[in-house]
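[1] I'd like to go over a predicted model; first the sequence, then the structure.
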Amino acid sequence: MSSNGTLPPRAHASVDNLRTYLLAAGAKTPHRAAVIQAAPGGGLETVSWGELEARTDRCVEALDALGLDVGDRVIIESDTSAEAVATLLACATLGLPFVPVAPGLPDERLRAIIASAEPALYLQTVDGKRADIPEQVGTGRFGPEGVVVERQPVRRGPRRRRTVTPVDTAYIIFTSGTTGRPKGVAMSHRGVISFLRGARAADFLTIEDRVAGTAPLQFDFALFDIGFALSHGATLVPVPRDRLTWPRRLLAFLREAEVTQVHAVPSVWRPVLRHEPEMLAELGDRGALRGILFSGEAFPLNELRGVQALLPKARFINLYGPTECMAVSVTELPNPLPNDAERLSIGRAIPGAEVTLIGADGQSVEEPGVIGEIYLRSTSLFNGYWNDPETTRATLVPDPLHPRSGQLVLKTGDLASRGADGELYFHGRADSQVQIRGNRVELGEVETRVAAFPGITGAVASVLPHEEDEPQLHVFVTCDPGEPAPDARKVAAFCRTALPVYMVPHKMHVVDEFPLSANGKVDRTALRALVSS
Ligand SMILES: Nc1ncnc2c1ncn2[C@@H]1O[C@H](COS(=O)(=O)NC(=O)C[C@H](N)c2cccc(Br)c2)[C@@H](O)[C@H]1O
């Protein structure tokens, strides 16, 4: 009993809460595997649904004893694992927003997140290496046995909340805001669950599936992998980070764990295509692999075609959307893609959500092929940016179709057009739209064309400022290891036959591989720095 004689606040079983929603599917089959993961001593270990719930409740008891109140933040530093899932579900049970971070996060980044989120508690795994957590934050470690608190959190007065509601914040994802100050995306239980419910319409998973997740825990892709797998009663198979760096090790792990679905950003497949195509084909041919889900950035068409050719029987899902709404759409792509496909469909919003394209004139775009900015109406919209009402107001805006209604919609900053059948096609970020000689350049189109040149395996286009002249279009390319470097003039001529002159790259740079961000997306800023240095 807490100080004022009432029960500590908890999510009632009938109420939308991440814990209730993610454990529900396994409640009837407590002996089935909820998580299959690399065992500390090598090989694999299985954590059943019954064991996952027992671990979650052990964590709840330990956290409950600290007297924290609904809304007090808990940082969880870990890779995805059964222990991490139990700990974040325990936080959800008590209404403690968790802030997931991966072990590789630089110290100063963690300090910035702590300064912004002012967490009550910082938890890392039993073998975590992090030290020097600021004094005002409680610390502890978690493992298969539950949570052990090392430094008590500073009590912030009596509990004032009596229960945990669906609109309470489930987690805060800190993304690298353009200003360098971390931007905390606060997502509610209702938001996450409404997206996961809508995503089930894709009918992509069954309880027999083993879903490999490859995203770091600070990326909402990882939270989606956990949510999508567990809400279907399927088995989550977290891929250890050190397995991601070498294709052979990654594919061996997928084979050993008999994985049926792989969720990954497109860049995960680049080294696999380059070094171990046959091994990937085997996973689809004689192995269990039957589904690929990707998100985070457009999958380069030539690379997607390469993966599809090696997995002719697999289903491919393109998941698009910003963290501020978990995502917008879940679209199954044809395998193989039609030969004349020039860009990937991002389909249509999940059931229960609706996209409106808004043109430069602020009116809704109705004609096919015309580009507008994606505005999203949905119950999966985030609660706001942590401690930043101004940026929140610029992102959760009055419905442009009915400004007086009080309804808010998400202004995504992404551009799209609709095909004849109403499906959406992604045209990049509004803030990265570039003009050359007054013409809008579609970087994706430039990249697709350059990557089609014989011997070029990848292309990333970027407009770089030029001191005395106007901005110039550069393209960074990776090449077939066995082929001679392509002649820039021939590549330009190849582009000239298919693209308007202002979209023909002015300069080509050959790189060994594309630098990646912490979330595994191509790091365009790092590429641009190669030139200005
Ligand atoms: N499928 C695509 N084609 C093209 N461009 C994409 C795609 N998915 C994103 N993007 C771009 O990435 C931006 C968003 O970046 S983000 O906020 O870091 N979040 C992400 O990437 C992750 C994303 N929320 C996600 C991923 C998996 C599951 C869930 Br549930 C949610 C979008 O606004 C788009 O510009």
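    Yep, that arrived.

[2] make it CA atoms for all contacts and neighbour counts henceforth
    OK.

[3] what's the strand or helix carrying Arg393 packed up against?
    Assessed by DSSP states H and E, Arg393 sits inside helix 389-395. On a contact count with 3 or more CA pairs under 8 Å, 6 or more residues apart in numbering; DSSP states H and E, helix 389-395 meets strand 384-385, strand 408-418.

[4] so for that helix, mean pLDDT?
    Average pLDDT, helix 389-395: 97.

[5] and if you look at stretch 346-363?
    Rounded mean pLDDT across stretch 346-363 is 96.

[6] one more: stretch 188-198?
    Regarding stretch 188-198, the rounded mean pLDDT is 97.

[7] rewinding a little: next secondary structure after the helix holding Arg393?
    In the C-terminal direction, the helix or strand that comes right after helix 389-395 (DSSP H and E) is strand 396-398.

[8] residues of the stretch 401-533 of the chain that sit close to the ligand?
    Asp414, Arg429 (CA under 6 Å from any ligand atom).

[9] do the stretch 101-250 of the chain as well
    Within reach of the ligand by CA under 6 Å from any ligand atom, the stretch 101-250 of the chain has these residues: Asp220, Phe221, Phe224.

[10] kindly indicate which of these lies nearest the ligand.
    The nearest member of these to the ligand, counting by CA to the nearest ligand atom, is Phe221 at 3.8 Å.

[11] count the neighbours of the closest one for me.
    Phe221: 25 surrounding residues under other CA atoms under 10 Å.

[12] quick check, it in a strand?
    No: counting by DSSP: H, G, I helix; E, B strand; the rest coil, Phe221 is not part of a strand but helix.

[13] check contacts around the residue lying closest to it once chain neighbours are set aside.
    Spatial nearest neighbour of Phe221, chain neighbours left out: Ala215 (6.0 Å); criterion: CA to CA, 6 or more residues apart in numbering. By CA atoms under 8 Å, 6 or more residues apart in numbering, the contact list for Ala215 reads Phe221, Ala222, Ala264, Val265, Asn519, Gly520.

[14] for Met279, same thing?
    Arg248, Leu251.

[15] for it, give its distance to Arg249.
    From Met279 across to Arg249, the span is 11 Å (CA to CA, to the nearest Å).

[16] on that earlier part again, quick one: closest of the helices and strands packed on helix 389-395 to Arg200.
    strand 408-418 (21.9 Å; CA to CA).

[17] work out the gap between the helix or strand that that closest one is followed by and the centre of the chain.
    Downstream of strand 408-418, the first helix or strand assigned by DSSP H and E is strand 424-429. Taking CA atoms, centre = their mean, to the nearest Å, the mean C-alpha location of strand 424-429 is offset from the chain mean by 17 Å.

[18] strands paired with the helix or strand just after strand 424-429, and their directions?
    For strand 424-429, the succeeding helix or strand toward the C-terminus, using DSSP H and E, is strand 434-436. Strand pairing for strand 434-436, using DSSP bridges, gives strand 439-441 (antiparallel).

[19] what lies in contact with whichever helix or strand comes after the partner strand?
    Where DSSP H and E defines the elements, the next helix or strand beyond strand 439-441 is helix 443-451. By CA under 8 Å, 6+ apart, the residues outside helix 443-451 that reach it are 300-302, 342-343, 427-428, 456-462, 475, 477, 491, 494-495, 498-499, 503-505.

[20] what does the very next helix or strand once past helix 443-451 contact?
    Next in sequence after helix 443-451, counting helices and strands by DSSP H and E, comes strand 456-464. With CA under 8 Å, 6+ apart as the test, strand 456-464 has contacts from 300, 302-303, 434, 443-444, 446-448, 450-451, 471-480, 486, 505, 524, 528.

[21] burial of the closest residue to Leu311 other than its chain neighbours, as a residue count?
    Computed as CA to CA, 6+ apart, the closest residue to Leu311 that is not its neighbour in sequence is Gly284, at 5.4 Å. Counted by other CA under 10 Å, the residues lying close to Gly284 total 19.

[22] okay, and Gly284 sits in which element?
    Short version, using DSSP H and E: Gly284 is in helix 277-285.

[23] tell me the mean pLDDT for that helix?
    Mean predicted lDDT for helix 277-285 stands at 98.

[24] would you mark the buried spots in it?
    Of all the residues in helix 277-285, those buried under the rule 16 or more other CA atoms under 10 Å are Pro277, Met279, Leu280, Ala281, Glu282, Leu283, Gly284, Asp285.

[25] do the same with stretch 346-356
    Of the residues in stretch 346-356, those buried (16+ other CA under 10 Å) are Ile346, Gly347, Arg348, Ala349, Ile350, Pro351, Ala353, Glu354, Val355, Thr356.

[26] for stretch 82-93, same thing?
    For stretch 82-93, burial by neighbour count (16+ other CA under 10 Å) applies to Ala82, Glu83, Ala84, Val85, Ala86, Thr87, Leu88, Leu89, Ala90, Cys91, Ala92, Thr93.

[27] swap in stretch 116-130?
    For stretch 116-130, the buried set under the neighbour-count rule, 16+ other CA under 10 Å, comprises Ser116, Ala117, Glu118, Pro119, Ala120, Leu121, Tyr122, Leu123, Gln124, Thr125, Arg130.

[28] out of those, which is nearest to Asn335?
    Among those, and counting by CA to CA, the member closest to Asn335 is Thr125, at 40.6 Å.

[29] which residues does that closest one form beta bridges with?
    Beta-bridge partners, per DSSP bridges, of Thr125: Phe142.

[30] got the contact list for it?
    By CA under 8 Å, 6+ apart, the neighbours of Thr125 are Glu77, Ser78, Arg141, Phe142, Gly143.

[31] can I get the buried residues of helix 277-285 in CSV with distance to the ligand?
    What follows is these, written out as CSV (distance: CA to the nearest ligand atom, whole Å):
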residue, distance to the ligand
Pro277, 23
Met279, 26
Leu280, 22
Ala281, 23
Glu282, 26
Leu283, 23
Gly284, 23
Asp285, 26
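
[32] re the thing from before, highest neighbour count among the contacts of Ala215?
    Phe221 (25 neighbours).

[33] with Val265 as the reference, measure out to that residue.
    9 Å.

[34] okay, and the common contacts of these two?
    Listed as contacting both Phe221 and Val265 by CA under 8 Å, 6+ apart are Ala215, Ser295.

[35] residue numbers of the stretch 251-400 of the chain in contact with the ligand?
    Listed as neighbours of the ligand in the stretch 251-400 of the chain under the rule CA under 6 Å from any ligand atom: Ser295, Gly296, Glu297, Ala298, Asn318, Leu319, Tyr320, Gly321, Pro322, Thr323, Met326, Ala327.

[36] out of the buried residues of stretch 346-356, the closest to the ligand would be?
    Of all the buried residues of stretch 346-356, Ile346 has the smallest distance to the ligand: 6.6 Å, by CA to the nearest ligand atom.
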